[in-house]
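> here you go, sequence then predicted model.
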Amino acid sequence: MKITFAADHGGFELKKTLIEWLTKQNFEVHDSGNLIYDPQDDYPDYAIAACKNLVKGIADRAVIICGSGVGACVTANKIKGIRASVCHDSYSAHQGVEHDAMNVLCLGARIIGSELAKEIVSAFIGAAFIEEDRFIRRLNKIKELEK
């Protein structure tokens, strides 16, 4: 599985930690930025970059991080084909993929620590969409909104 990461200054250190951790597990990881710590950067720039890489097929899933996760999530959900959610627990992270075809995980680096973030990311990347009629029906209703 290919995963793209992005973060503004609020999530920069957590992004580095998670990329290093997943790389050691032989995941293919793409860094959509910011590549340097810049206390003046803006979360939409990096959320957009990660989501565009996801839509282009450069990655299978994306993890975007800002201070709370909220701004990154709001930004991501403006992009066609993106289904993003802030998850600060592992249940929501896997259930969002299984039931809602979530493809972007948003994390708040000022809300959770690195060990919990690892658990949440593991749940997110370990989950698969459940191809049941009710979940497909709901996903199709969401896709209709994008037309």
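The structure has been received and is ready for your questions.

> quick one, strands of the protein?
Secondary structure of the chain (DSSP state E): strands at 2-7, 28-31, 61-66, 84-86, 104-108.

> how much space between the residue lying farthest from the centre of the chain and Leu139?
In the chain, counting by C-alpha atoms, centre = their mean, Asp133 sits farthest out from the average C-alpha position, at 25.3 Å. As judged by C-beta to C-beta, to the nearest Å, Asp133 and Leu139 stand 11 Å apart. Quick note: C-beta positions are derived from backbone N, CA and C, even for glycine.

> for Leu35, same thing?
For Leu35 relative to Leu139 (C-beta to C-beta), the value is 34 Å.

> neighbour-wise, which of those two wins?
The residue with more neighbours, out of Leu35 and Leu139, is Leu139; 16 against 9, by other C-beta atoms under 10 Å.

> so who does the residue lying closest to that one once chain neighbours are set aside touch?
In space, and not counting its chain neighbours, Leu139 is closest to Ala101: 5.1 Å by C-beta to C-beta, 6 or more residues apart in numbering. Listed by C-beta atoms under 8 Å, 6 or more residues apart in numbering, the contact partners of Ala101 are 83, 129, 135, 139.

> select only the buried ones of these in PyMOL?
A single PyMOL command is used to select the members of the contacts of Ala101 judged buried by 16 or more other C-beta atoms under 10 Å:
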select buried, resi 83+129+139
